[in-house]
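Engineer: got a predicted model here, sequence first, then my questions.
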Amino acid sequence: MNTHPAMSNVPDGTPTSATTASGQRDDMVWLLRQFASETQGVTHAVLISRDGLRLLDSDVDKDWADELAAAFSGVASLAANITGPTHKKRPAGQVIIERDDCLFFVQSAGRSAAFDNHPGNEHGEVDTVLAVIAIRDADAGTVGFEMGRLVAKFSPYMVIPVRVGTGGAVR
């Protein structure tokens, strides 16, 4: 259920009222928190910059969120710089790390102009990565699908959104 003022009477959950960078960030953090609280098995979500700084989070301890941001930007960079069978580097759609205490998910989330005061800001834009922590027994397919839906909901705030096809598959 949408309880955010900018989201009322909007069928797909895409906000319509945020026109300033601050308003866009507020709407994005609301979407992130809604995702973390409503997606079964998800405990935390952090939107980070490609250069490793925390942009937004779902009420994660700030020190831990900063540590996660640094680590997951490295994971995203590593995944994007591995050549595949075509001998080309291509961004990974999603990276999943399985541990004995949780699952980590990392996915590109597009380029946004909502973070105008970010140190890594190039030409008014910041490349973003979505990092999600889930319980060990979470359904990875469901979490991955819902992450794709969240990234699609972020697209109004993105200068260059990640393309999401039918079924939430990231392209």
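Structural biologist: That came through fine.

Engineer: the spatially closest residue to Gly41 that is not a sequence neighbour: neighbour count?
Structural biologist: Sequence neighbours aside, Ala138 is the residue nearest to Gly41 in space, at 2.7 Å (criterion: Cβ to Cβ, 6 or more residues apart in numbering). C-beta coordinates here come from the backbone N, C-alpha and C atoms, glycine included. Ala138 has 19 neighbours, counted by other Cβ atoms under 10 Å.

Engineer: so how far is Phe145 from Ala138?
Structural biologist: For Ala138, the distance to Phe145 equals 12 Å [Cβ to Cβ, to the nearest Å].

Engineer: on that earlier part again, need the three-state assignment for the residue nearest to Gly41.
Structural biologist: coil (DSSP: H, G, I helix; E, B strand; the rest coil).

Engineer: so what's Val129 up against?
Structural biologist: 47-50, 72-73, 76, 106-109 (Cβ atoms under 8 Å, 6 or more residues apart in numbering).

Engineer: so which residues of this protein form strands?
Structural biologist: Taking DSSP state E as the test, the strands found in the chain are 42-49, 54-57, 95-98, 103-112, 126-134, 158-160.
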